[in-house]
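> got a predicted model here, sequence first, then my questions.
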2 protein chains.
Amino acid sequence: MKRIKLVVAYDGTNYCGWQIQPNGETIEGVLNRTLSGLLKENIKVTGASRTDSGVHSLGNVAVFDTETRIPPHKISYALNRFLPEDIAVQDSCEVDLDFHPRHCESRKTYEYKILNRRFPQPVNRRDTYFFYRPLDIEKMQEAAELLCGTHDFKSFCSVNTAVEDTVRTIYSLNVKKQGDIISIRVTGSGFLYNMVRILAGTLIQAGTGDLEPWQMSEILKACDRHAAGPTAPAHGLTMIGIEFL
Amino acid sequence: MKRIKLVVAYDGTNYCGWQIQPNGETIEGVLNRTLSGLLKENIKVTGASRTDSGVHSLGNVAVFDTETRIPPHKISYALNRFLPEDIAVQDSCEVDLDFHPRHCESRKTYEYKILNRRFPQPVNRRDTYFFYRPLDIEKMQEAAELLCGTHDFKSFCSVNTAVEDTVRTIYSLNVKKQGDIISIRVTGSGFLYNMVRILAGTLIQAGTGDLEPWQMSEILKACDRHAAGPTAPAHGLTMIGIEFL
């Protein structure tokens, strides 16, 4: 038996997220079904980041165990022939049998994209959140800097989740503007449920002036979801990639 | 009566192009229907660029005549409330009654986008042509320079069209690479049927080495569609905008 690691890109628009759901198609469900058909085994993948409904990916990671004789690097090519066009494997390779994508140290990078202009732009509507009120990206960057480092991010975690430890480390959080697209890129040791979308929603409020950058420290201290800004819509979020340490 | 000019953006994926067709939804058809409903008049728009099925736009232009009392700049806001999410008006203003978007001098800009890497990337699959053979963008740029200027572009015009005059002027034709996306941006006095897609298909052949850059002059001289490269797929093409001189 061997363990195979896949790097998986997808347009999350038409999926109920990564994780298998009783009602509705998921990325995990499609991968299990397609791999099982291709390899003639009962395959169950384990994902690194269980992205929400509507969230996209350039480089999520999944592993599965198989007895196949297909060379590991060729699985990606074979698999892509059978996957729907909104899911595409970017790489496949063999890893140690004890490698688990959620139980080992990693740095995950996400990007949240905002179209900041007067009117929406149809071509990028699926992966970019349209927001028409003008955003001050210097204020957003100033706020972002105060959120970097190791903190208790309880204020940035959806209330309907029961996580024990809400301390996480953000290694970098950058706000950039290119034309009328503002992108918030964050790299961290891991993220709480909805954390990146709440970070984005809070930085947007810093950009409009509804919050002042200095208030970020108070929001962190509050350890209360109500202190932070709203959860930004899922479709603006893309999982960029994961580096295993 | 007054004449209103609209700047129209759209994701062309689900449309049979700009121009009204007996079978299938078109951008022109949706605009006519939506404007007629909004203004309670029988509205017929005239488009500047009758883009093909599957081609996108950031800034196509259309005009129509109306008796409405809605201030011209407010028509865009009103219209966007009723348009489907894959069409969005970017601007509306009044123009002279003799302004015709196809019968006056203009500079049109189009962009053709290519994803040049080993595997497709689902998020941008709708507006970027995936091409896996490595492309040499210096050779593409070298070829592009030979196509600039005023030439008979008969070789770059689909055979199934009966145009009299095939002389056009290309003011600029630039090939740029950002990450693994190559974009070909062209500005010209006007373009023949399928011309931008044939330019893109021919530059791709220069990028693979199937054609040498110097052959561009011979292809122009041939005045024969068979001398140029293939017509690149529609979905990689976006109409960027039109400047009226």
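All right, it came through fine. Numbering: from 1, shown residues only, chains lettered A, B, ... in the order given.

> burial count for A:Asn116?
Neighbours of A:Asn116 under the rule other Cβ atoms under 10 Å in any protein chain shown: 20. For glycine as for every other residue, the C-beta is placed from the backbone atoms N, C-alpha and C.

> ignore what I typed, I meant A:Ile242.
By other Cβ under 10 Å, 16 other residues sit near A:Ile242.

> got phi/psi on A:Arg81?
Backbone torsions for A:Arg81, taken as degrees, to the nearest 10, come to phi -70, psi -20.

> would A:Ser183 count as being in a strand?
Yes: assigned with DSSP: H, G, I helix; E, B strand; the rest coil, A:Ser183 falls within a strand.

> that one bridge partners, please.
For A:Ser183, the beta-bridge partners under DSSP bridges are A:Lys113, A:Lys176.

> and the one 4 residues further on, by the same measure?
Using DSSP bridges, the bridge partners assigned to A:Thr187 are A:Thr109, A:Ser172.

> what sits against it?
A:Arg107, A:Lys108, A:Thr109, A:Ile170, A:Tyr171, A:Ser172, A:Leu173 (Cβ atoms under 8 Å, 6 or more residues apart in numbering or on different chains).

> let's have those in CSV, adding neighbour count and distance to B:Phe244.
Putting the contacts of A:Thr187 into CSV (neighbours: other Cβ atoms under 10 Å in any protein chain shown; distance: Cβ to Cβ, whole Å) gives the following:
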residue, neighbour count, distance to B:Phe244
A:Arg107, 16, 50
A:Lys108, 22, 48
A:Thr109, 19, 44
A:Ile170, 20, 49
A:Tyr171, 14, 49
A:Ser172, 13, 45
A:Leu173, 22, 44
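
> so can I have TSV of these showing pLDDT and distance to A:Arg225?
Output for the contacts of A:Thr187, formatted as TSV (pLDDT from 0 to 100; distance: Cβ to Cβ, whole Å):
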residue	pLDDT	distance to A:Arg225
A:Arg107	96	25
A:Lys108	97	21
A:Thr109	98	24
A:Ile170	97	18
A:Tyr171	97	23
A:Ser172	97	24
A:Leu173	97	19
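
> neighbours of A:Thr180, how many?
To be clear, residue A:180 is Asp; Thr isn't right here. 12.

> how about A:Gly201?
A:Gly201 has 20 nearby residues by other Cβ under 10 Å.

> equivalent analysis for A:Gly29, please.
Around A:Gly29 there are 17 residues (other Cβ under 10 Å).

> residues touching stretch A:165-178, excluding its own?
Against stretch A:165-178 from outside (Cβ under 8 Å, 6+ apart): A:107, A:116, A:137, A:140-141, A:144-145, A:147-154, A:157, A:182-192, A:195, A:199, A:203, A:223.

> how far away is A:Ala143 from B:Met239?
38 Å (Cβ to Cβ, to the nearest Å).

> dihedrals phi and psi, A:Gln178?
With angles defined as degrees, to the nearest 10, A:Gln178 sits at phi -130, psi 110.

> thinking A:Val163 is in contact with A:Cys157, fair?
Yes: counting by Cβ atoms under 8 Å, A:Val163 does reach A:Cys157; the two are 6.6 Å apart.

> strands of chain A, start to end?
Remark: strands assigned in chain A by DSSP state E are A:2-10, A:46-47, A:56-66, A:87-95, A:106-115, A:129-130, A:149-152, A:167-178, A:181-188, A:237-244.

> next, the angle from the fifth one to strand A:237-244.
Interaxial angle of strand A:106-115 relative to strand A:237-244 (axes from the mean of the first three to the mean of the last three Cα atoms, to 10 degrees): 160 degrees.

> chain center to strand A:106-115: distance?
Centroid separation between strand A:106-115 and its chain, computed with Cα atoms, centre = their mean, to the nearest Å, is 6 Å.

> packing partners for that strand?
Contact here means 3 or more Cβ pairs under 8 Å, 6 or more residues apart in numbering or on different chains; DSSP states H and E; on that basis strand A:106-115 packs against strand A:129-130, strand A:181-188, helix A:195-208, strand A:237-244.

> including mean pLDDT, could the ones you listed go into TSV?
Below are the helices and strands packed on strand A:106-115 laid out as TSV (pLDDT from 0 to 100):
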stretch	mean pLDDT
strand A:129-130	98
strand A:181-188	98
helix A:195-208	98
strand A:237-244	97
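
> those: which one's closest to B:Val89?
Nearest to B:Val89, of all the helices and strands packed on strand A:106-115, is strand A:129-130, at 14.0 Å by Cβ to Cβ.

> adjacent strands (with direction) for that closest one?
strand A:106-115 (parallel).

> got a list of contacts for the partner strand?
The contact list for strand A:106-115 (Cβ under 8 Å, 6+ apart) reads A:48-49, A:121, A:124, A:127-131, A:135, A:171, A:180-191, A:196-197, A:199-200, A:204, A:232, A:236-245.

> for PyMOL, what selects the buried ones among those residues?
Listed next is the PyMOL selection for buried residues among the contacts of strand A:106-115, using 16 or more other Cβ atoms under 10 Å in any protein chain shown:
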select buried, chain A and resi 48+49+121+124+127+128+129+130+131+135+182+183+184+185+186+187+188+191+196+197+199+200+204+232+236+237+238+239+240+241+242
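
> anything in stretch A:16-29 near chain B?
No: residues of stretch A:16-29 contacting chain B under Cβ under 8 Å from any Cβ of the partner chain: none, with a closest distance of 10.5 Å.

> neighbouring contacts of that stretch?
Here stretch A:16-29 makes contact (Cβ under 8 Å, 6+ apart) with A:8, A:10, A:12, A:14-15, A:32, A:45, A:47, A:49-55, A:57, A:60, A:62, A:87.

> export it to PDB, keeping only CA atoms.
What follows is stretch A:16-29, C-alpha atoms only, in PDB (Å, rounded to 0.1, in the frame of the first residue of the first chain):
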ATOM      1  CA  CYS A  16     -21.300  22.500  -1.000                       C
ATOM      2  CA  GLY A  17     -17.700  22.900   0.100                       C
ATOM      3  CA  TRP A  18     -15.000  20.300   0.600                       C
ATOM      4  CA  GLN A  19     -16.500  17.900   3.100                       C
ATOM      5  CA  ILE A  20     -19.000  15.200   2.200                       C
ATOM      6  CA  GLN A  21     -22.600  16.300   2.900                       C
ATOM      7  CA  PRO A  22     -25.700  14.200   2.900                       C
ATOM      8  CA  ASN A  23     -27.400  16.600   0.500                       C
ATOM      9  CA  GLY A  24     -25.300  18.200  -2.200                       C
ATOM     10  CA  GLU A  25     -22.200  17.600  -4.200                       C
ATOM     11  CA  THR A  26     -18.800  18.200  -2.600                       C
ATOM     12  CA  ILE A  27     -15.200  18.300  -3.700                       C
ATOM     13  CA  GLU A  28     -14.300  15.300  -1.400                       C
ATOM     14  CA  GLY A  29     -17.300  13.400  -2.800                       C
END
